[in-house]
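**Q** Structure of the sequence below:
(one chain, ligands or ions: 2)
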Amino acid sequence: MKSTIDSTVEFVKEKLKGAEAGHDWFHIERVWKLARKIAETEACNKEVVELSALLHDIADPKFHNGDETIAPKIAREFLEKRNVSDETIERVLFIIENISFKNRDSAPQNPPVELMIVQDADRIDAIGAIGIARTFNFGGFKNNLMYDPQSKPDLNMSKEQYKKSNGTTINHFYEKLLLLKDLMNTESGKKLAEERHNYMLGFLDQFYKEWNVD
Ligand code: ADP
Ligand code: NI
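**A** Ligands and ions are numbered 1, 2, ... in the order given. The predicted structure is shown next:
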């Protein structure tokens with residue numbers, strides 16, 4: 001008989017056919033592998049980690065008119081038909097519902113370690129070379145400007161400046177990507193984030209240098 005993990009892989013691959021390249025099966029596969037790697041260094045329930053990593057972007061609200069209830073519904077329906085305990089289902093759903101960076105202000109006070117692991121894995125895939133590629137892919141998908149030289153964003157910009165540069169792909173580095181390093185939950189997540197963070201800083205320096213042809 002096929003394992004629950006194998007049938008989840010098959011299900012997710014099928015569901016994400018045609019997804020935007022930054023949120024497709026390959027993103028899930030990288031997050032799954034990263035989560036397994038981080039899980040080796042933490043005492044945790046590995047089945048919960050793997051199932052949550054595999055199902056975390058099954059219906060991203062960004063591509064479903066902001067509806068945050070679809071993904072947990074699809075995941076529940078899928079898991080209930082499988083050989084998965086009710087307790088595991090509840091734990092996986094809790095992670096899927098709370099993983100998002102966007103909702104970090106309402107994050108649970110004492111998150112389970114499995115949430116911390118999958119969240120770190122998802123955030124690590126948002127930074128570094130892959131993070132840069134995903135971000136420009138998403139910006140292109142939305143037909144956003146890469147950069148607006150009239151309003152160069154930085155980490156300490158005023159609300160006014162922020163509004164002006166909002167919507168450019170470069171701005172996404174300042175509203176999200178550069179903040180992720182300090183939001184890592186686990187020690188191994190922190191280590192993995194460090195190199196990728198520095199790579200993005202180097203990228204931004206080079207980007208501005210090349211933009212300003214003189
Ligand atoms: P979360 O689900 O953790 O809230 P998102 O799904 O919004 O995070 O973001 C995942 C990735 O999608 C980002 O790391 C980035 O690569 C890309 N992305 C999201 N919003 C934007 C944006 N406005 N501009 C460019 N890339 C974006
Ligand atoms: Ni994700």
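**Q** Please make it C-alpha for all contacts and neighbour counts, starting now.
**A** Fine.
**Q** Report pLDDT for residue 161.
**A** In this model, residue 161 is scored at 61, pLDDT.
**Q** domain parsing for the protein?
**A** 1-102, 126-214 (automatic domain parsing).
**Q** got a list of what residue 195 touches?
**A** residue 128 (C-alpha atoms under 8 Å, 6 or more residues apart in numbering).
**Q** ok, it to ligand 1 distance?
**A** As for residue 195, its distance to ligand 1 is 16 Å (criterion: C-alpha to the nearest ligand atom, to the nearest Å).
**Q** can you tell which of the domains of the chain is closest to residue 112?
**A** Distance to residue 112, taken as C-alpha to C-alpha, is lowest for domain 1-102 among the domains of the chain, at 8.5 Å.
**Q** So the closest one, near ligand 1 or not?
**A** Yes - Domain 1-102 lies within reach of ligand 1 by C-alpha under 6 Å from any ligand atom, at 100, 101, 102.
**Q** between the residues you listed, which has the most around it?
**A** Counting neighbours by other C-alpha atoms under 10 Å, residue 100 leads the residues of domain 1-102 next to ligand 1 with 16 neighbours.
**Q** about what we covered before: of the residues of domain 1-102 next to ligand 1, just say which sits nearest to residue 119.
**A** residue 100 (7.7 Å).
**Q** could you point out which element follows the helix or strand containing residue 9?
**A** Counting by DSSP states H and E, the element that carries residue 9 is helix 4-15. Per DSSP H and E, the first helix or strand lying C-terminal to helix 4-15 is helix 25-39.
**Q** Buried residues, the strand or helix carrying residue 201. List them.
**A** Counting by DSSP H and E, the element that carries residue 201 is helix 187-211. Within helix 187-211, the residues that count as buried by 16 or more other C-alpha atoms under 10 Å are 188, 189, 190, 192, 193, 194, 196, 197, 200.
**Q** And the fifth one, how close does it get to ligand 1?
**A** If I follow you right, that is residue 193. Going from residue 193 to ligand 1 by C-alpha to the nearest ligand atom gives 13 Å.
**Q** Correct me if wrong: that residue contacts residue 124.
**A** Yes - counting by C-alpha atoms under 8 Å, residue 193 does reach residue 124; the two are 6.0 Å apart.
**Q** which residues are common contacts for these two?
**A** With C-alpha under 8 Å, 6+ apart, residue 193 and residue 124 have common neighbours residue 180.
**Q** any idea how far the closest residue to residue 174 other than its chain neighbours lies from residue 149?
**A** Counting by C-alpha to C-alpha, 6 or more residues apart in numbering, residue 174 lies nearest to residue 155, which is 5.7 Å off, once chain neighbours are set aside. To residue 149, residue 155 is 16 Å away according to C-alpha to C-alpha, to the nearest Å.
**Q** again with residue 170
**A** With C-alpha to C-alpha as the criterion, residue 170 and residue 149 are 10 Å apart.
**Q** Sounds good, over and out.
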